[in-house]
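S.K.: Curious how this folds, go ahead:
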Amino acid sequence: MKLFNSFNKIVLVVEYDGRNYYGFQWQPKLPTIQAELERAIRRLTGESSRVIAASRTDTGVHALGQVVSFRTKSALSPQTLVKALNYYLPRDIAVKGACEVDMDFNVRRDAMSREYDYYILNSSTRSPLFEGFAYFVPKKLNIRVMNKACKFLEGEQDFASFATALGKLRSTVRTVYDAGVAKEGDLVTYHMTGNSFLPHQVRNTVGLLIRVGLDKVGLEEFQQIMEAKRLGLAGPTAPAYGLCLTKVNYPGNLELAI
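M.R.: Numbers count the residues shown, from 1 in each chain. Have a look, this model is predicted:
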């Protein structure tokens, strides 16, 4: 039985266009996704609640399935929270679903894997509709050889060469469950699923894969860059606006109200 006025923990699935924000994490005097979510919660409930994210996306990166949590004394239902928070949020951020979870649930530590997509417009002409959401590469990419390179990425490995900075991280070993490139029309999508990722790991991977697809780097050199385990060796870093956090996976399905 819950005590009167006790806290509940709420999980939200959030979609956003990251172009107008300096990443997810709060920064003083700069617009961030976290700041907007916390502002909306405060306007709705009157509470100053800290929002925790499953993955701290960088400046300009988008999300289709970011997962966040916060604590509240509010008795509003998950369905009501979705509608009410969307009323207070700016148009480039939307809550897609909500549910109540146990207080010991941790959106970051309990996540089994995170899925990212990177979009490349591989066309001879630019596209106004894809502007800001796909990286324009006019020269034809060799998708087959890019997928061969992707096989080197899978499994538990040291990805130091694919990180540009480590901060407080002690280990550069990560597990990539799957990586691959697909093309539909002029849109090339690189998909990557891993337990977690190093700073700029996905974007540096894309930068190197594009060089492979343009026949500027061979498969042997790609493997050598991986095995060198030297910070910042891969790249160049692909632009942030082509990257999207698509899904965060947990051991059990989140029973979301929408």
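S.K.: Val13 belongs to a strand?
M.R.: Yes - with DSSP: H, G, I helix; E, B strand; the rest coil as the criterion, Val13 is located in a strand.
S.K.: Dig out what it forms beta bridges with.
M.R.: Taking DSSP bridges, one finds Val67, Gly97 as the beta-bridge partners of Val13.
S.K.: burial count for it?
M.R.: Using other CB atoms under 10 Å, Val13 has 23 other residues around it. All C-beta atoms are positioned from the backbone trio N, CA, C, and that covers glycine.
S.K.: what's the spacing between it and Glu220?
M.R.: 42 Å (CB to CB, to the nearest Å).
S.K.: again with Asn106
M.R.: 42 Å.
S.K.: Neighbour count: the two, which is higher?
M.R.: Asn106 (14 against 8).
S.K.: can you give me phi and psi for that one?
M.R.: phi -120, psi 120 (degrees, to the nearest 10).
S.K.: Contacts only, for it.
M.R.: 52, 69 (CB atoms under 8 Å, 6 or more residues apart in numbering).
S.K.: where do the helices sit along the stretch 101-250 of the chain?
M.R.: Applying DSSP state H, counting those that start in this stretch to the stretch 101-250 of the chain gives helices spanning 143-150, 201-213, 219-228.
S.K.: Reformat those into a markdown table and put distance to Phe130 next to each item.
M.R.: Converted to a markdown table, these look like this (distance: least, CB to CB, whole Å):
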| stretch | distance to Phe130 |
| --- | --- |
| helix 143-150 | 18 |
| helix 201-213 | 16 |
| helix 219-228 | 27 |
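S.K.: Quick one: those as TSV, columns for distance to Ala238 and mean pLDDT too.
M.R.: Putting the helices of the stretch 101-250 of the chain into TSV (distance: least, CB to CB, whole Å; pLDDT from 0 to 100) gives the following:
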stretch	distance to Ala238	mean pLDDT
helix 143-150	13	98
helix 201-213	4	97
helix 219-228	15	96
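S.K.: deepest of those, which one?
M.R.: helix 201-213 (a mean of 24; mean count of other CB atoms under 10 Å).
S.K.: quick one: the strands in this protein?
M.R.: Here the chain has its strands, by DSSP state E, at 8-16, 52-53, 62-72, 93-101, 113-121, 135-136, 155-158, 173-184, 187-194, 243-249.
S.K.: thinking again about what came up before, which of the helices of the stretch 101-250 of the chain sits closest to Leu37?
M.R.: helix 201-213 (22.9 Å; CB to CB).
S.K.: Just list what the closest one packs against, helices and strands only.
M.R.: strand 113-121, helix 143-150, strand 173-184, strand 187-194, helix 219-228, strand 243-249 (3 or more CB pairs under 8 Å, 6 or more residues apart in numbering; DSSP states H and E).
S.K.: strand partners of the longest one, parallel vs antiparallel please.
M.R.: When sheet partners are counted by DSSP bridges, strand 173-184 sits next to strand 155-158 (antiparallel), strand 187-194 (antiparallel).
S.K.: Deepest-packed of the ones you listed, please.
M.R.: Most buried of the strands paired with strand 173-184, by mean neighbour count (mean count of other CB under 10 Å): strand 187-194, with a mean of 20.
S.K.: Apart from its chain neighbours, what residue comes closest to Leu198?
M.R.: Ala163 (3.8 Å; CB to CB, 6 or more residues apart in numbering).
S.K.: I'd say the one you found and Leu231 touch.
M.R.: Yes - with contact defined as CB atoms under 8 Å, Ala163 reaches Leu231; the gap is 6.0 Å.
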